[in-house]
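Participant: coords please:
(chains A and B)
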Amino acid sequence: MSVQAVTAKMAEVELKDVTGKDAPPAISPLTPKAEEKKSVNNSTLPSAAAATVEPSPVTTAPSPVKMPQASAMKRPDPQQNGGEAFVNCDGTVAEAPRMKKIQFADQKQEFNKRPTKISRRSLSRSISQSSTDSYSSAASYTDSSDDETSPRDKQQKNSKGNADFCIKNIKQADFGRREIEIAEQEMPALMALRKRAQGEKPLAGAKIVGCTHITAQTAVLMETLSALGAQCRWAACNIYSTQNEVAAALAEGGFSVFAWKGESEDDFWWCIDRCVNVEGWQPNMILDDGGDLTHWIYKKYPNMFKKIKGIVEESVTGVHRLYQLSKAGKLCVPAMNVNDSVTKQKFDNLYCCRESILDGLKRTTDVMFGGKQVVVCGYGEVGKGCSAALKAMGSIVYVTEIDPICALQACMDGFRLVKLNEVIRQVDIVITCTGNKNVVVREYMDRMKNGCIVCNMGHSNTEIDVASLRTPELTWERVRSQVDHVIWPDGKRIVLLAEGRLLNLSCSTVPTFVLSITATTQALALIELYNAPEGRYKQDVYLLPKKMDEYVASLHLPTFDAHLTELSDEQAKYLGLNKNGPFKPNYYRY
Amino acid sequence: MTDCGGDLKLEVKQASKEFKESENVAEKYSAMTGTNMNVGELSAAFTAVPTHKSMKKQIQFANQEEKQEFSKFPTKTGRRSLSRSISQSSTDSYSSAASYTDSSDDETSPREKSQVNSKGSSDFCIKNIKQAEFGRREIEIAEQDMSALISLRKRAQGEKPLAGAKVVGCTHITAQTAVLIETLVALGAQCRWTACNIYSTQNEVAAALAESGVSVFAWKGESEDDFWWCIDRCVNMEGWQANMILDDGGDLTHWVYKKYPSVFKKVRGIVEESVTGVHRLYQLSKAGKLCVPAMNVNDSVTKQKFDNLYCCRESILDGLKRTTDVMFGGKQVVVCGYGEVGKGCCSALKALGAIVCVTEIDPICALQACMDGFRVVKLNEVVRQMDMVITCTGNKNVVTREHLDRMKNGCIVCNMGHSNTEIDVASLRTPELTWERVRSQVDHVIWPDGKRVILLAEGRLLNLSCSTVPSFVLSITATTQALALIELYNAPESRYKQDVYLLPKKMDEYVASLHLPNFDAHLTELSDEQAKYMGLNKNGPFKPNYYRY
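Facilitator: Model prediction:
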């Protein structure tokens, strides 16, 4: 079976999965074809415009239940793209446009009809690659459970008689355990952390309340925290990303988890509230992804902050909110910005995109790269990754930039620096990774040659002016999932991928290794904040200390069978360094 | 959309506020992490910072013959050489164009000669004013490669941003520096200049500068005494007081502090280029003795990248080829250290088909090496099978006698990192080993069993000893210096306090943009709409200060 066949099929499966599950009365048949093309228009409007109540799913058709390939292939779950902002490729922490619509890989029209609340919430999603994307692994086996009762109305107990959780179905725990065990294999750093720190139990007494994507990888993180002595209560930071069976396994394992796939807005906040508001238990640490949990506690239980030692926040959005709080003088506990740690940044942007650009293009178009002329817009971390990968495949790469320093780097790396309009006629592939808006406008697309591939690696869906292509004289033809041909009156076609949304989220996957980096960073940030002596952190937003950053990296070195050299005493003295790091000043650029 | 635009702006603004431009580095970062960075840590920052031990090293020369002579110099020379700047472009300026006129048989000391230029001025002290024409030609050649400074002259000439500036400078005196000096003059400054190294002066260039009216005090082969005499002549001048200092190594600053502290009342700022000099400034600043603002141009993004990554990427191949004519394809190479220099060396060698592995102490850099496709090893694991060992750690005794003993026959050992400490060459000076000089800069060290190790430049810097620094790199440095002077001179009173600052990002970006025409590179401009969306000024700065490039 060829790859694209699989992906196509899987996309379909997901579609059915989701629709099957959400399943209220069907309104219109959902066909990923002509219909969709039209309804797609919605996605370019603020989703507020289309405000029907519930997702309008379709098929009552029983969806294929288990798709082992699904987990193997790790297709991104289409729902989760929702209105993400991204660490923009220039590394500037750009914010997500608040009003932006949710991005879906496949069935966007459904969700466009959601009430605006969702788009608001979706916006508060985390923006880092690993964060946003954790759900791209293993589609839930059990989505299509025909049990339509809301988990809130169900009484469930785990095998130990504990009922302090709220999930879809506790019976799925075994499946979930298997998922977690698979993830453990690929997250040796956290496992090593468990072993190394278990003796001392650095988190003994910590009561952590968390709000992240609930996936097998997160489960490994939670169980690590627990192994280190912490008590955890957890809610999902995204209404769609929860792997129900993993939640079940966690509940069975004694964690108080409040999450299921397909929560409503109301469920979402209810879960968070249940997480926080419990008799006789007060959190003293917060692990947040998107800032919703922090926001809720600020709003509802401000007293809680008296006991809280710190907030660890992973996403760009959440970090942004924290900086705003801090600026307004309202931040009353220390917060750790793990999003901007060196290791995480490099993996989220440079290394991850370097691979996913090739993967995404191949899966969608089967294009051959050798000798192709490619223009990469933006030479930040993402642009550097894309350019390097394409150059290695023998493409002729041009770069556009606005920042003279990055431009000079592109020159020195052997790329021609051009303006887009100078080369647009002759290039075969246009890739945007600027973090900006309207980088590729209609005028450029008019001048592209036949068959030119246009895709976005940068930031939400603003970089390519897709709206300008929704005009009567242009014909849209969906040729595959995520691939549209836009046909000009004269017969010229351009190939638009993922409708201008992020290629790396829509058409490629995030490796567990990257998620492992993130999870390890979070765990170490928690340990650091929890154990820091009183005066070290004030009521401000901090970056992860360099030493912790280095420790994250060192925990991942065994994966590569890498042997780190140690300084001799004499050498350490000569350099004026501690043998165990930190090895670089904070302004070192790596 | 407007909503989001607002958000964005807020954040960016905030970022820029938080990491305010050219804030003191130490302060800034300690604020970010909440840990206090002391100067000790800071010095560690510059992996290449020599501690005072390393100051004892001998001067490095491009020309082997000279070396013998100079290592016999009294220790004073050694001390001074230590205060030399360490940045690539700074240290290395003298490797370009050997002075034509070294062998002049005129043995009179310039101090005893009385010379007058064609305009009747005699306020200079150089070897021989008659060489001015040669020097002018050198300068004109350099101008070709330094189009950024030339375009700076054109762009800023109308406004004369340095009008009234009285710059006293202490740098290598080469054709490239001359282009810088003449640029400063064109921008309105008065300059008095001296050499920061007793050997690096190109006499004919000094002559050309003197002829054109710049007061230059420098010649090739000064004595220690001459050196300080020149600096003193530069500073101590009736009716003229410097208000800007451009230094490379910190000697000039040191002298002014010691002898003429009152001068600092009028000085608006110090621009320092070298790691050593910057280190000294941070020490002064820590001791609360820094009484004017200082600009650390050594750590500007553009300069760092060119001094280390880009320059070493080329010079490793060049240096090895020139000395050994080795073929790289399929060779096994170990690169010790994966900082900027190591990254450059690795990528160049990989591109030529060498099999490269890396040693590192810093896990983050080690992980980078892994992700770039290099095996991370310990040196002792692989030293037996390597064809080449390259050090770029900034550390000492990275390659020890024990490693050298285990190397295979014909292994090439060289140092790209830092002075001459990385390879323990002293341990090879033992009776059982035979040294054979096969070429300039190339020694075969022969073990009793006949095994040979090929040691390049006796463990000194390969890139300085056996390769050249392109004018383009020097142009980056010179442009950075010029812009730093302009910034400090024109800054409103309160912008800079008595502290050490990094070059503002905007200036850094400007340096880069001045060099883009060399590549026929066409920079894209933000539209108003895009700039608003990003919350940026259309003209930059485009990145927050903590951006890592």
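Participant: wait, A:V454 sits on A:V430?
Facilitator: Yes: using CB atoms under 8 Å, A:V454 is in contact with A:V430, at 4.8 Å. Just so you know, the C-beta spots here come from the backbone N, C-alpha and C atoms, and that holds for glycine as well.
Participant: what residues are shared contacts of the two?
Facilitator: A:440, A:448 (CB atoms under 8 Å, 6 or more residues apart in numbering or on different chains).
Participant: so which of the two has more stuff around it?
Facilitator: Set A:V454 next to A:V430 and count neighbours by other CB atoms under 10 Å in any protein chain shown: A:V430 wins out with 27 against 24.
Participant: verify the assumption that the more buried one is located in a strand.
Facilitator: Yes: counting by DSSP: H, G, I helix; E, B strand; the rest coil, A:V430 is part of a strand.
Participant: what's the distance between it and A:C377?
Facilitator: 7 Å (CB to CB, to the nearest Å).
Participant: intersection of neighbour lists for the two?
Facilitator: Contacts common to A:V430 and A:C377, judged by CB under 8 Å, 6+ apart, are A:420, A:440.
Participant: ok, how many other residues are close to A:A248?
Facilitator: 27.
Participant: immediately after the strand or helix carrying it, which helix or strand?
Facilitator: Following DSSP states H and E, one finds A:A248 within helix A:244-252. Going down the chain from helix A:244-252, the next helix or strand is strand A:256-258, by DSSP H and E.
Participant: quick one: mean pLDDT for that following strand?
Facilitator: Taken as a whole, strand A:256-258 has an average pLDDT of 96.
Participant: got the CA coordinates for the helix holding A:A248 in CSV?
Facilitator: Extracted in CSV, the C-alpha atoms of helix A:244-252 (Å, rounded to 0.1, in the frame of the first residue of the first chain):
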residue,chain,number,x,y,z
ASN,A,244,-9.8,8.5,26.1
GLU,A,245,-8.1,5.2,26.7
VAL,A,246,-5.0,7.0,28.1
ALA,A,247,-7.2,9.0,30.4
ALA,A,248,-8.8,5.7,31.5
ALA,A,249,-5.4,4.2,32.2
LEU,A,250,-4.4,7.2,34.3
ALA,A,251,-7.7,7.1,36.2
GLU,A,252,-7.1,3.4,36.8
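Participant: how about the backbone phi and psi for A:M412?
Facilitator: As for A:M412, its main-chain torsions (degrees, to the nearest 10) stand at phi -70, psi -20.
Participant: contacting residues around it?
Facilitator: B:305-306, B:309-310.
Participant: between these, which sits nearest chain A?
Facilitator: Closest approach to chain A among the contacts of A:M412 (CB to the nearest CB): B:Y310, at 5.0 Å.
Participant: what packs against the helix or strand containing A:K346?
Facilitator: Per DSSP H and E: A:K346 is located in helix A:342-346. The elements that helix A:342-346 packs onto, with contact taken as 3 or more CB pairs under 8 Å, 6 or more residues apart in numbering or on different chains; DSSP states H and E, are helix A:512-531, helix A:546-556, helix B:363-371.
Participant: tell me which residues in the first one are buried?
Facilitator: Of the residues in helix A:512-531, those scored as buried under the neighbour-count criterion (16 or more other CB atoms under 10 Å in any protein chain shown) are A:512-530.
Participant: what sits against the closest residue to chain B within the stretch 151-300 of chain A?
Facilitator: When scored by CB to the nearest CB, the stretch 151-300 of chain A has A:A189 as its residue closest to chain B, at 10.9 Å. By CB under 8 Å, 6+ apart, A:A189 lies in contact with A:516-517, A:520, A:552, A:555-556, A:559.
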